[in-house]
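Novice: Give me a model of this one.
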Amino acid sequence: MTDVARSAFGQVGIWTMAYEGHPAGRVRESAAELEELGYGAIWYGEAFGRDTVGQAWLLLAATHRITVASGIANIAYREPISLAAAERTLGEAFPGRYLLGLGGHRVDDTVHHVDGFPVPTRGKAVTTMRSYLDALDAAPAHGPVPDRTPRRVLAALGPKMLELAAARTWGAHPYFVPVEHTAQARRIMGPEAFLGVEQAVVLDTDVDRARELATAHVAMYITAAPHQAASMRRLGFGDEDLAGGPSRRLVDAIVAYGDTDAAARRVRQHLDAGADHVCVQVLTADPAALPERQWRELAPALLTGPRRDSIPPAGRRV
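Specialist: Numbering: from 1, shown residues only. Presented below is the predicted three-dimensional model:
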C-alpha cells in the first residue's frame with residue numbers, strides 16, 4: 001500500500017456494532033464526534049439492524065473526512081449486482097471515503113441466473129468469495145462510474161483467503177485475531193496489500209472485572225463461530241484453550257484489557273507486526289450502548305491529536 005493511501009486512511013479507527021440499534025440522529029452525532037476526535041475510520045458490522053449500504057450512507061453523510069468501512073458487508077445477504085451498484089453510487093457521492101469490506105458465506109451450491117446475470121457459485125469459502133468478486137467486477141454499469149478504483153477488503157483469516165485478498169482486493173480485514181496473526185498475514189500478503197486489523201479492548205482498571213467481560217466475548221465467538229475456533233487452532237491454540245471455555249492465554253491474546261495504556265500497547269504491537277491500520281472495538285457490559293466515553297478516553301492514547309483543521313464547517317462538503 002502506498003504511503004499516500006496509508007496516510008489518508010489513518011493508523012487507528014473505531015469498530016462498532018452498536019450503531020445498528022440507535023436512531024439515525026444519534027448515529028450522526030456520534031460519527032461526527034469520532035471524526036472530530038481524530039480517528040481515521042469508522043468500521044461497522046452488519047447483523048439484523050440497518051443494512052450495510054444504508055448504514056454507510058448515514059455515516060458518510062454525517063461526516064466530511066473520515067473513512068467509512070463495512071466490517072463486513074455479508075455476501076449471504078445480497079446479490080453482487082445490487083452491491084456493485086451501491087458501491088459505485090457511494091463512491092460517486094463520497095469520493096475516496098468508502099471502503100467495502102466483504103465477508104460471510106453463501107452455503108447453497110445452486111447456480112442460477114437473475115435477469116440473465118449469473119449468480120456466483122456457492123460452496124467453499126475461498127471459491128465462493130472468488131466467484132462473488134468476479135460477479136462484482138462483471139456487474140454492468142448503466143450510470144456514472146467513479147474515477148477511482150473501488151476499495152475492497154476481505155474478512156480473511158486463513159492463508160488462502162489472505163492470498164485472495166492480496167491478489168484481488170485492496171487487502172484484508174481480519175477480525176478476532178492476536179498479534180501473531182497480524183505478522184503471519186503480512187508475510188502471506190506481502191508488503192503492498194492493506195491490512196486493517198480489529199482489536200477488542202475493555203477499559204476497566206478492575207482487572208478481574210475486565211477479564212470477566214473479555215472472557216465472555218471470546219467464549220461467544222469460539223462457541224458460535226466455528227471458523228473463529230478453527231483460526232485459533234491454526235495459530236497454535238488447542239483443546240486446553242478452547243474446550244470448556246477460553247483459557248486465560250487465549251483471552252489475553254484476543255482482548256486488551258485494563259487502562260488506555262494497555263490498549264495503546266496492543267495497537268502498537270499490531271502496527272509493529274505489519275498492520276497498516278487497527279480498528280478498536282470497545283467492549284462494555286451493555287453491547288447495545290454507544291461507548292462514547294471510552295472512545296473519548298482512548299483518543300489521546302491512540303491518536304496523535306484531533307484533526308479539526310481538516311474538517312470543513314458544518315454544511316460544507318469537500
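Novice: Have a look at this protein and report its longest helix.
Specialist: Determined from DSSP state H, the single longest helix within the chain is helix 207-224.
Novice: Now do that one: everything it contacts.
Specialist: With Cβ atoms under 8 Å, 6 or more residues apart in numbering as the test, helix 207-224 has contacts from 176, 200, 202-204, 228-229, 232, 242, 245-246, 248, 250-251, 254-255, 257-258, 283-285. Using the backbone N, CA and C atoms, a C-beta is placed for each residue, glycine as well.
Novice: hmm, 10 Å instead?
Specialist: Residues from elsewhere that reach helix 207-224 (Cβ atoms under 10 Å, 6 or more residues apart in numbering): 175-176, 200-204, 206, 227-233, 237, 241-248, 250-259, 262, 281, 283-285, 287.
Novice: continuing past that helix, what's the next helix or strand?
Specialist: Per DSSP states H and E, the first helix or strand lying C-terminal to helix 207-224 is helix 226-234.
Novice: Check which residues of that following helix are buried.
Specialist: 228, 229, 231, 232 (16 or more other Cβ atoms under 10 Å).
Novice: what angle sits between that helix and helix 207-224?
Specialist: Between helix 226-234 and helix 207-224, the angle comes out at 110 degrees (axes from the mean of the first three to the mean of the last three Cα atoms, to 10 degrees).
Novice: list the helices and strands helix 226-234 packs on?
Specialist: helix 179-189, helix 207-224, helix 239-242, helix 248-254 (3 or more Cβ pairs under 10 Å, 6 or more residues apart in numbering; DSSP states H and E).
Novice: same thing but at 6 Å, please
Specialist: Helix 226-234 sits against helix 207-224, with contacts defined as 3 or more Cβ pairs under 6 Å, 6 or more residues apart in numbering; DSSP states H and E.
Novice: residue ranges of the strands in the stretch 1-150 of the chain, please?
Specialist: Assigned strands in the stretch 1-150 of the chain, in chain order: 12-16, 41-44, 67-70, 73-74, 98-103, 113-114, 117-118 (criterion: DSSP state E, counting those that start in this stretch).
Novice: and the second one, C-alpha only, in PDB?
Specialist: What follows is strand 41-44 as a C-alpha-only set of coordinates in PDB (Å, rounded to 0.1, in the frame of the first residue of the first chain):
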ATOM      1  CA  ALA A  41     -12.100   5.300  10.100                       C
ATOM      2  CA  ILE A  42     -15.400   4.100  11.300                       C
ATOM      3  CA  TRP A  43     -15.900   0.300  10.800                       C
ATOM      4  CA  TYR A  44     -19.400  -1.100  11.400                       C
END
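Novice: For that strand, which helices and strands make contact with it?
Specialist: strand 12-16, strand 67-70.
Novice: What of the fifth one?
Specialist: Taking 3+ Cβ pairs under 6 Å, 6+ apart as the contact definition, the neighbouring helices and strands of strand 98-103 are strand 67-70, helix 80-93, strand 152-154.
Novice: Who are the packing partners of the first one?
Specialist: Spelled out, it's strand 67-70. Using 3+ Cβ pairs under 6 Å, 6+ apart: strand 67-70 touches strand 41-44, helix 52-61, strand 98-103.
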